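A.B. asks: Any chance you can model this:
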Amino acid sequence: MKLALGTVQFGLNYGIANTQGAVAANEAKAILNHAKNSGMDTLDTAIAYGDSEYRLGQVGIQGWKVVTKLPSIPEECVDIAKWVALVVNESLQRLNVTSLYGLLLHRPGQLHEKEGDSLYRALEKLKYDGLVQKIGISIYDPSELDTLCSHFPFDLVQAPFNLLDRRLIESGWLFKFEEKGIELHVRSVFLQGLLLMNSDVRPKKFDKWLPLWDQFENWLNQSGLKRLQACLCYALSFPEISKVIVGVDSLSQLNEILTAARGSALQVPDRFRTDDPNLLNPARWATLTD
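C.D. replies: Here you go, the predicted structure:
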């Protein structure tokens with residue numbers, strides 16, 4: 001199963017289309033059980049995702065491959081190796097597991113800073129000790145990969161990728177990971193739910209990109225595809241991608257995703273794309289005005 005379950009919604013009110021808030025404990029358990037029974041085997045979480053790790057540990061996630069992410073190193077930190085070991089052990093306790101499949105840096109730019117080598121060695125130590133199987137980075141822009149991957153060997157990279165965001169392809173990195181022995185997980189295939197919104201509910205501040213939305217609507221109408229199916233089948237069609245991370249707010253939403261993912265691979269018009277970071281990076285959305 002190429003789908004992986006993102007769990008930020010288990011600990012935070014996350015996503016522009018999320019109207020339900022954080023997922024309740026009983027719903028989280030039902031989602032995890034159904035996901036596992038459907039063949040999903042990988043969970044994506046992070047220390048910064050509120051109560052997500054704690055919730056997962058409460059439900060029980062034995063048998064899952066768990067990928068979590070380190071937060072930024074505090075400025076006052078004087079012993080990076082000690083801090084990394086402490087934070088990861090606390091994460092393991094919350095998750096109620098003895099080891100992780102993957103540990104990623106949420107702010108990989110810190111590898112460029114003065115203590116970058118010490119940080120990487122701390123990650124390697126966790127791998128050597130058997131607490132982590134794969135170490136890597138979570139990026140926001142593929143341009144980060146040129147310098148990072150030339151200095152540090154990684155096992156796993158997580159990056160944004162969707163119908164609009166084809167920077168992994170344009171940069172050539174989508175096709176370099178396999179030759180470098182790096183596993184690729186992609187997130188943001190729905191762009192936090194923005195790609196699933198009809199024009200009547202999409203916030204007005206995104207009207208700046210109306211030509212893109214119109215092209216998307218026209219293509220969907222011509223092809224007879226639903227938004228969910230189009231987003232999923234596009235990402236799933238690339239053999240270079242090991243896992244496509246999807247987050248859900250409910251069990252019914254997971255069922256919709258599992259059904260839509262059974263669709264055939266598809267070709268998306270080249271004109272439907274952008275490299276505008278104000279649209280592709282949700283961290284910038286708060287600065288947009290109607």
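A.B. asks: Dihedrals phi and psi, residue 70?
C.D. replies: Dihedral angles of residue 70 (phi, psi; degrees, to the nearest 10) stand at phi -80, psi 140.
A.B. asks: Report the spatially nearest residue to it, omitting neighbours in sequence.
C.D. replies: Sequence neighbours aside, residue 105 is the residue nearest to residue 70 in space, at 5.6 Å (criterion: CB to CB, 6 or more residues apart in numbering). The way it works is simple: take the backbone N, C-alpha and C, and place the C-beta from them, glycine included.
A.B. asks: Tell me the bridge partners for the one you found.
C.D. replies: residue 70, residue 137 (DSSP bridges).
A.B. asks: what about it, neighbour count?
C.D. replies: Neighbourhood size, residue 105 [other CB atoms under 10 Å]: 25.
A.B. asks: just residue 77 next, same as before
C.D. replies: Number of residues near residue 77 (other CB under 10 Å) recorded here: 13.
A.B. asks: repeat for residue 137
C.D. replies: Summarising burial for residue 137: neighbours were counted as other CB under 10 Å, giving 24.
A.B. asks: nearest residue to residue 143 other than its sequence neighbours?
C.D. replies: Spatial nearest neighbour of residue 143, chain neighbours left out: residue 171 (6.9 Å); criterion: CB to CB, 6+ apart.
A.B. asks: How much space separates the residue nearest to residue 70 from residue 171?
C.D. replies: 19 Å (CB to CB, to the nearest Å).
A.B. asks: Report the distance from stretch 206-216 to the chain centre.
C.D. replies: Stretch 206-216 has its C-alpha centroid displaced from the chain centroid by 24 Å (CA atoms, centre = their mean, to the nearest Å).
A.B. asks: Over to stretch 163-170?
C.D. replies: On CA atoms, centre = their mean, the centre of stretch 163-170 falls 15 Å from that of its chain.
A.B. asks: okay, how far is it across that stretch, tip to tip?
C.D. replies: End-to-end distance of stretch 163-170 (CA to CA, to the nearest Å): 13 Å.
A.B. asks: where do the helices sit along the stretch 151-290 of the chain?
C.D. replies: In the stretch 151-290 of the chain, the segments counted as helices under DSSP state H, counting those that start in this stretch are 167-170, 210-223, 227-236, 251-260, 277-280.
A.B. asks: Minimum distance to residue 91: which of the ones you listed has it?
C.D. replies: Across these, residue 91 has its closest neighbour in helix 251-260 (24.5 Å, CB to CB).
A.B. asks: So for that closest one, what gets flagged as buried?
C.D. replies: Going by neighbour count (16 or more other CB atoms under 10 Å), the buried part of helix 251-260 is 251, 253-254, 256-258, 260.
A.B. asks: ok, residue 225 - contacts?
C.D. replies: 263, 266 (CB atoms under 8 Å, 6 or more residues apart in numbering).
A.B. asks: Angles on the backbone of it, please.
C.D. replies: Dihedral angles for residue 225 - degrees, to the nearest 10 - are phi -90, psi 150.
A.B. asks: So for this structure, the centremost residue is which one?
C.D. replies: residue 187 (3.3 Å; CA atoms, centre = their mean).
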